[in-house]
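J.: Sequence first, predicted model second:
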Amino acid sequence: MNISIIGGRVIDPASNTDATLNLHIKDETLIAMGDAPNGFSADQTIDAAGKIVCPGLVDMAAHLREPGHTAKGTLASETLAAAKGGITTLICTPDTEPCIDSPADIEFIHRMARKLCQARVLTAAAMTQGLEGKQLASMATLRNSGCVAVSNARRPLANTLVERRALEYASTFGMTVFLHPEDRHLKAGGCAHEGAVATRLGLPGIPSAAETVAVARDLALAEHTGARIHFCTLSAGTSARMISEAKKAKLAVSADVAAHQLHLTEQDIDGFDAQCHLEPPLRTLQDRDFLRRAVADGTIAAICSDHQPHEPDAKEAPFPESQPGLSGLETLLALTLRLVDEGVMPLSDALARITCGPADLLNLPYGRLAEGLPADICIFDPEAHWTLASESMLSAGKNSPFLGWEFKGKVTHTVFNGHLVYQAD
Amino acid sequence: MASQTQNIQLNDDGSLRHFLTIEGLNKNILTQILDTAESFAVLPGRPIKKVPALRGRIITNLFFENSTRTRTTFELAAKRLSADVLNFNISTSATSKGETLLDTLRNLEAMHSEMFVVRHNASGAAHFIAEHAAPGISVINAGDGRHAHPTQAMLDMFTIRKHKGDFTPLRVAIVGDILHSRVARSQILALNTLGVTEVRVVGPRTLIPTDARALGVHVYHDLEEGLRDVDVVIMLRLQKERMDGALLPSEEEYFQLYGLTNDRLACAKPDAIVMHPGPINRGVEIDSEVADGPRSVILEQVSYGIGVRMAIMSMCMQKHPSAGDES
């Protein structure tokens, strides 16, 4: 099928493009930007006048729940939600059940995703067997099966020696290691940022040091092993400063932040709002502002959704007993665009953090518009206002602290691998 | 948001519907509770009048944490108001069979209970139940995690008012494990709302929460300094398990530094009273001489607890649709 996207403002941060251009897609491939090639005839023409045409979004962290937790979400429901959110490439976390620690697990997910054909699902496979933090997973085999990184999700490693060995082994094969920095002893059963709000509400706190202690340890081990590490979903401003310094010292280190961390703070848990029970926890306004600056200056090269859909019961409990996480695929673009409206960064940079930024961290040929590449395209109306409502969410998880928020900037079309997978009503 | 907390506790006309936390309640309501409690005239050593205020109404004690003492005073208060009382000890009941908290709540609502007195080990549990309770049902927080224990705080305020009259000139020191104490959090809010001059918290840094000043207190680490010129000393119970969590080295060192003895009490005003929410650990946070001494009002607190809980229960049930209907 041939598609032409006509008259849109094309922004491709990877190539510094910002111009009104027509895009032409033949089968799965973007074949021309500008004039249609001789003899090209479109089966479908999308009028993108007044809209922004950008690369399909790349989300570094999504819990897709299948296999094992299908009451919370399935590959079908969550890739549909991704398409609605303009996301064409997702990296799923390994904490399914069973966890993704064998080639068969990876193949199951890749095969299902190919069949569904709503978004590209890549895998971060388990770093240790069963995510138990003790024995190394068969990383080289997993890589040959197509995983793009290894990760222990938010499960702890038994000790620093296991971490050292995991980093060394992964670096043998040039694999990127995803780390969720958290010292479980300092976390000590906490469920909210240890600060004024948790103190008032009597919620067991998680100090910022639970993250920064782990970041310091991980950076020291990265320096020692020379491994390529990526910090997932930072929450503390100090972590960003430490990573910035490590980058200056030429360590192979990168980081992402979840979109909600750039908008919400500890104040939002007031009233015991279980939708704001998140891991890592929402921290202070200063942390939020520090993270915003780190995203703007590129210290943090990617904004992810940290998508964690839940069934309603998971949040229908007193705050400490509710399950952490939010359903974030359908707000990733809107929350990122909000940063532009709030003057944090220019539009092209903001789009880079959800397209080529994460793709480049893993050397993936996605998140960019170029002739000859797979046609992954997100078209959005930058002036459209909309309100997040659970009825209109496509994710199986309606758990979002942003329900009722008004956003500006709405996806109208998503093209994944040459297929029009989403079109707004 | 504070306003959220406030809205959920109050009816549209500003009267009490639930009693979950002191936060968001103004001085008038707290004073009204104390005045109403006064009218129930529960005095140490005197029989408690039985009143027909809640005749025919069903009150359920929903205790997810064991506490014979608190449950008993709530039960006694409800019975003095002529209500029928159901006691559910959930740690040995439904949720251990996999029933969710909401399912438990729905079942009890179906038994026409109009008030739940809830104790739970998770902070925010009483709020959660109040948010999900059917219209016309009141929830009283009998202690949720580290968050709040507002009826305890109000009986403490009642005790203080009995002895000191006016709150405004008072300096109050709360000594011990502030970090884990729902009692202290509620006391601090109540004291500040009632307009005392100063609330102090005293303890080692491991037992004082982060950003404690945001609670509206001055923080002291030295007991004698913290007691200087105070009118009221509130000692908190030290749980034995604090030794295991590396929060304290030993009971002995704790008593040496923070145990209340007569010598130390001499730093406070000569007419200072000594309070404790109980149960006390003699020789850990308080010396027997002080606990049994003339300035201790610890047992009075227990007696006043009944009238204060009667006041809060009757105020919360006043606006119920079936109020006054005794059929």
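T.: Good, I have the coordinates.

J.: what secondary structure does the closest residue in space to A:I206 that isn't next to it in sequence sit in?
T.: Closest residue to A:I206 apart from its sequence neighbours, by CB to CB, 6 or more residues apart in numbering or on different chains: A:G190 at 3.6 Å. Backbone N, C-alpha and C define where each C-beta goes, glycine included. With DSSP: H, G, I helix; E, B strand; the rest coil as the basis, A:G190 sits in coil.

J.: Quick check: A:G190 vs chain B, distance?
T.: A:G190 is 11 Å from chain B, where distance means CB to the nearest CB, to the nearest Å.

J.: Next, count neighbours for that residue.
T.: 18 (other CB atoms under 10 Å in any protein chain shown).

J.: Quick check: phi and psi on it?
T.: For A:G190, the backbone dihedrals (degrees, to the nearest 10) come out as phi -70, psi 160.

J.: Could you tell me what pLDDT the model assigned to it?
T.: We note a pLDDT of 97 for A:G190 in this prediction.

J.: quick one: contacts for it?
T.: Taking CB atoms under 8 Å, 6 or more residues apart in numbering or on different chains as the criterion, A:G190 is in contact with A:198, A:203-207, A:210, A:281.

J.: Farthest-apart pair in those residues, please.
T.: A:L203 and A:A210 (14.5 Å; CB to CB).

J.: Those two - which one has more neighbours?
T.: A:L203 (27 against 24).

J.: before we move on, which element is B:N141 in?
T.: strand B:138-144 (DSSP states H and E).

J.: next one: that strand to chain centre, how far?
T.: Strand B:138-144 has its C-alpha centroid displaced from the chain centroid by 10 Å (CA atoms, centre = their mean, to the nearest Å).

J.: again, but for stretch A:285-303
T.: Worked out by CA atoms, centre = their mean, stretch A:285-303 lies 15 Å from the chain centre.

J.: Pull out the buried residues from it.
T.: Going by neighbour count (16 or more other CB atoms under 10 Å in any protein chain shown), the buried part of stretch A:285-303 is A:287-288, A:290-296, A:299-303.

J.: Only the C-alpha atoms, please, for the strand holding B:N141, written as CSV.
T.: Extracted C-alpha coordinates of strand B:138-144, given in CSV (Å, rounded to 0.1, in the frame of the first residue of the first chain):
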residue,chain,number,x,y,z
SER,B,138,-19.5,7.6,58.8
VAL,B,139,-16.0,6.5,59.3
ILE,B,140,-14.0,7.1,62.4
ASN,B,141,-10.2,6.6,62.3
ALA,B,142,-9.0,4.6,65.3
GLY,B,143,-5.5,4.7,64.0
ASP,B,144,-4.0,4.3,60.5
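
J.: Remind me what the next helix or strand after it packs against, helices and strands.
T.: Following strand B:138-144 in sequence order, the next helix or strand is helix B:150-164 (DSSP H and E). Identification of packing neighbours for helix B:150-164 by 3 or more CB pairs under 8 Å, 6 or more residues apart in numbering or on different chains; DSSP states H and E yields helix B:27-39, strand B:138-144, helix B:182-193, strand B:232-235, strand B:273-275, helix B:298-317.

J.: one step back: among the contacts of A:G190, which are in helices?
T.: Counted as lying in helices by DSSP state H, out of the contacts of A:G190, are A:198, A:210.

J.: nearest to chain B, of the contacts of A:G190?
T.: A:L203 (5.0 Å; CB to the nearest CB).

J.: Test my guess that that closest one contacts A:P320.
T.: Yes. Counting by CB atoms under 8 Å, A:L203 does reach A:P320; the two are 6.4 Å apart.

J.: Please enumerate the shared neighbours of those two.
T.: What both A:L203 and A:P320 touch, as defined by CB under 8 Å, 6+ apart, is the set A:191, B:123-124, B:145.

J.: who wins for neighbours among the residues you listed?
T.: B:G124 (32 neighbours).

J.: The closest residue to that residue other than its chain neighbours: which element?
T.: Excluding its sequence neighbours, the residue lying closest to B:G124 (CB to CB, 6+ apart) is A:F272, at 3.5 Å. Assigned by DSSP H and E, A:F272 belongs to no helix or strand.

J.: next one: B:R106
T.: Per DSSP H and E: helix B:101-110 holds B:R106.

J.: by contact count, what packs against that helix?
T.: Helix B:101-110 packs on strand B:58-63, strand B:84-89, helix B:125-132, going by 3+ CB pairs under 8 Å, 6+ apart.

J.: show me what contacts the residue most central in space within chain A?
T.: Residue closest to the mean C-alpha point of chain A, counted by CA atoms, centre = their mean, is A:C304 at 2.6 Å. Contacts here follow CB under 8 Å, 6+ apart; on that basis A:C304 touches A:59-62, A:232-233, A:256-259, A:332, A:358.

J.: out of the residues you listed, who's near chain B?
T.: Here nothing survives when the contacts of A:C304 are matched to chain B using CB under 8 Å from any CB of the partner chain.

J.: Mark which of those are part of helices, please.
T.: Short answer: those in helices (DSSP H) are A:332, A:358.

J.: Any buried residues in stretch A:260-279, and which?
T.: Per 16+ other CB under 10 Å, stretch A:260-279 contains these buried residues: A:260-266, A:268-279.

J.: Stretch A:8-24 now?
T.: For stretch A:8-24, using 16+ other CB under 10 Å, the buried residues are A:8-14, A:17-18, A:21-24.

J.: now those in JSON lines, with pLDDT?
T.: Formatted as JSON lines, those follow (pLDDT from 0 to 100):
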{"residue": "A:G8", "pLDDT": "98"}
{"residue": "A:R9", "pLDDT": "98"}
{"residue": "A:V10", "pLDDT": "98"}
{"residue": "A:I11", "pLDDT": "98"}
{"residue": "A:D12", "pLDDT": "98"}
{"residue": "A:P13", "pLDDT": "98"}
{"residue": "A:A14", "pLDDT": "98"}
{"residue": "A:T17", "pLDDT": "97"}
{"residue": "A:D18", "pLDDT": "98"}
{"residue": "A:L21", "pLDDT": "96"}
{"residue": "A:N22", "pLDDT": "98"}
{"residue": "A:L23", "pLDDT": "98"}
{"residue": "A:H24", "pLDDT": "98"}
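
J.: among the buried residues of stretch A:285-303, which are in reach of chain B?
T.: Counting by CB under 8 Å from any CB, no member of the buried residues of stretch A:285-303 reaches chain B.
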